[in-house]
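# Got a sequence here, can you model it:
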Amino acid sequence: MTDEVHRSYTSGDETAHMSRFPILGACVLAALLAVPSTAAASPVDRLDARAETAPNYDDEAGGDADADDPAIWVNPDRPAESVVVGTLKNGGLTAVDLRGRELQHLDTAPGGRFNNVDVVGRYAIVSDRGLDRLRVYRIDPGAGQVLTEVTVPNPPLAFSTDEAEVAEQHTAYGLATWAGPEGGAPWVVASRRNETRLGLFRLAVTPDGVTYHRKAVLDLPAEFAVGGGTWTPCLEPGERPQVEGMVVDRTDDVLYAAQEDVGIWRIPLSRKGFGKPVLVDRVREYGRPAVYDEETEECTPTAPPPPEAGTHLSADAEGLTIAYGHRRTLLASSQGDSTFARYDITRDGLRYRSGFAVADGRVDSVEHSDGAAVSTTPLGRAYPNGLLVLHDGENTPDDGRTNTNFKLLDAGPAIGR
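The predicted model follows:
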């Protein structure tokens, strides 16, 4: 790797200057980069997707791919040739163009399972849930292949202490990148599957490739004060309320993290680690008593939601992404009712503005979405207002086989300009 790595980084849609990522030293080559849902509380806009990716099947008929989380790489020279990168879990990683056509597919390492992805500059960072590692891929569409892995040959474990613990699959899960206010190597925030833990990792380049070092951890609550007592989300035995959807607001250096059965947290970030978390919105199921049925493997509510419950999100709270413009808009997936919430980001947190759903139109609707990514950079005639990419958990037509994919939308109507 060369100093070209420095010059390629971006923070959101803006290209970062090389001065933001200085050389770290002579020996360093460069500095690198839940429960049953309820009806929507208010009317939502009905939007149409403009394109979609190919279906991904995960069943006994031969498929082993399950779409989950997208990220957008904006081509600074030819915006209309920008690339969407998406995780396919056991199926690895896909790169597609703005029509949804696959440009490249990469398999996982044996035992790997790619969960979430985020883009920083010309690099895609992936959480390998199967092996409890982070993976780094260089993006270079002009080189004959879009993605090239540049991770060190033996990357460190993200959360586990040894391979025996990896087998328990309490591993790297959700993921978001953060440039950091002081420059230098970028950071990654990863969550731990089936736990409340978040880890803050710093990336670095070595002669053997890109590695990372965990600098801090934060454990979010698993128990909450409700109605004069305490409430714990109903989950399978051995599980704690996990986080998956995350995004860093580059303006304020704040992490927004969706704890699936709880709500959205606002967490300041600094080079010292995590600041004090504040729960800025709650799911509709927050505080509602329920019991787990081992036979059905589902939770059955035993009482109505309490006054503390939220009104905009139906569990699970999932994919988060931020659109920048004359205002900052956080989009959040309300997976339980297949809608999305729009929030204005304020000095104190979030202010709910409105919601939307993706209906059947040019392509089919979006259901039970996990991941989301948005860019407000104009990407040619097809996406003059920017691009929103959403995971679709129930792609149709399905030919009798459940399948998943990604939908591509004009960002303007989704943001609600």
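# With only the CA atoms kept, save stretch 388-401 in PDB.
This file holds the C-alpha atoms of stretch 388-401, laid out as PDB (Å, rounded to 0.1, in the frame of the first residue of the first chain):
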ATOM      1  CA  LEU A 388     -31.100   5.200  -0.900                       C
ATOM      2  CA  VAL A 389     -30.400   1.400  -0.800                       C
ATOM      3  CA  LEU A 390     -32.600  -0.800   1.400                       C
ATOM      4  CA  HIS A 391     -32.400  -4.500   2.300                       C
ATOM      5  CA  ASP A 392     -35.600  -6.300   1.300                       C
ATOM      6  CA  GLY A 393     -36.300  -9.300   3.600                       C
ATOM      7  CA  GLU A 394     -39.100 -10.700   1.400                       C
ATOM      8  CA  ASN A 395     -38.300 -10.200  -2.200                       C
ATOM      9  CA  THR A 396     -41.000 -11.200  -4.700                       C
ATOM     10  CA  PRO A 397     -41.800 -12.900  -7.000                       C
ATOM     11  CA  ASP A 398     -40.300 -15.800  -5.000                       C
ATOM     12  CA  ASP A 399     -41.200 -18.800  -7.200                       C
ATOM     13  CA  GLY A 400     -42.100 -20.600  -4.000                       C
ATOM     14  CA  ARG A 401     -38.600 -19.900  -2.400                       C
END
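# show me the contacts for Asp68.
Counting by CB atoms under 8 Å, 6 or more residues apart in numbering, Asp68 touches 86-89, 114-116, 370-371, 391, 404. Quick note: C-beta positions are derived from backbone N, CA and C, even for glycine.
# what's near enough to touch Asn154?
By CB under 8 Å, 6+ apart, Asn154 lies in contact with nothing.
# And Met246, by the same measure?
174-176, 189, 191, 255-258, 320.
# swap the cut-off to 10 Å and go again
116, 118, 173-178, 189-191, 198, 255-258, 264-265, 267, 319-321 (CB atoms under 10 Å, 6 or more residues apart in numbering).
# any idea how far the residue nearest the centre of the chain is from Asn403?
Nearest to the geometric centre of the chain sits Gly245, at 4.5 Å (CA atoms, centre = their mean). With distances taken as CB to CB, to the nearest Å, Gly245 is found 22 Å from Asn403.
# now Gly361
From Gly361 to Asn403 the distance is 19 Å (CB to CB).
# chain center to the strand or helix carrying Thr300, what's the gap?
Of the helices and strands defined by DSSP states H and E, Thr300 is found in strand 298-301. Computed by CA atoms, centre = their mean, to the nearest Å, the chain-centroid distance of strand 298-301 equals 26 Å.
# Could you do stretch 130-137 as well?
The answer for stretch 130-137 is 15 Å, by CA atoms, centre = their mean.
# one step back: quick one: average pLDDT of the strand holding Thr300?
Mean per-residue pLDDT for strand 298-301: 94.
# residues of that strand that come out buried?
Judged by neighbour count using 16 or more other CB atoms under 10 Å, the buried positions of strand 298-301 are Cys299.
# Can you name every helix or strand that it contacts?
In terms of contacts (3 or more CB pairs under 10 Å, 6 or more residues apart in numbering; DSSP states H and E), strand 298-301 is packed against strand 290-293.
# which ones are touching the residue nearest to Arg193 when sequence neighbours are not counted?
Spatial nearest neighbour of Arg193, excluding adjacent residues (CB to CB, 6 or more residues apart in numbering): Tyr173 at 4.0 Å. Counting by CB under 10 Å, 6+ apart, Tyr173 makes contact with 115-116, 127, 129, 132, 158-159, 190-195, 197-198, 242-244, 246.
# what do you get for Gln242?
By CB under 10 Å, 6+ apart, the residues touching Gln242 are 170, 173-174, 191-197, 220, 222, 233, 235, 258-262, 316.
# rerun at 8 Å
173-174, 191-196, 259-260.
# now do Leu350
Taking CB under 8 Å, 6+ apart as the test, what Leu350 contacts is 256, 264, 266, 280-281, 330, 343-344.
# try 10 Å this time
Counting by CB under 10 Å, 6+ apart, Leu350 has contacts 256, 264, 266, 280-281, 312, 330, 332, 341-344.
# what helix or strand does the residue nearest to the centre of the chain sit in?
strand 243-249.
# Quick one: mean pLDDT for that strand?
Across strand 243-249, the average pLDDT comes to 98.
# How many neighbouring residues does Lys407 have?
Look at Lys407: counted by other CB atoms under 10 Å, it has 25 neighbours.
# Shouldn't it be within a helix?
No - per DSSP: H, G, I helix; E, B strand; the rest coil, Lys407 lies outside any helix segment and is strand.
# Quick check: it touching Gly86?
No - assessed by CB atoms under 10 Å, Lys407 is found out of contact with Gly86, at 11.0 Å.
# Listing partners with orientation, what would you give for the strand holding Gly245?
Strand pairing for strand 243-249, using DSSP bridges, gives strand 254-259 (antiparallel).
# Bridged to Ala357, which residues?
Beta-bridge partners of Ala357, as defined by DSSP bridges: Arg46.
# Among the contacts of Leu350, which pair sits farthest apart?
Arg266 and Arg342 (16.3 Å; CB to CB).
# sorry, back to before: so for Gly361 and Asn403, which residue has more residues nearby?
Taking neighbours as other CB under 10 Å, Gly361 and Asn403 compare with Asn403 leading, 22 against 12.
# Just give the nearest non-adjacent residue to the more buried one, would you?
For Asn403, the spatially nearest residue (CB to CB, 6+ apart) is Pro55, at 3.9 Å.
# ok, how many other residues are close to the one you found?
Counted with other CB under 10 Å, Pro55 comes out at 19.
# contacting residues around it?
63, 65, 67, 392, 395-399, 401-405.
# how distant is stretch 118-134 from the center of its chain?
Centroid displacement of stretch 118-134 relative to its chain, using CA atoms, centre = their mean, is 11 Å.
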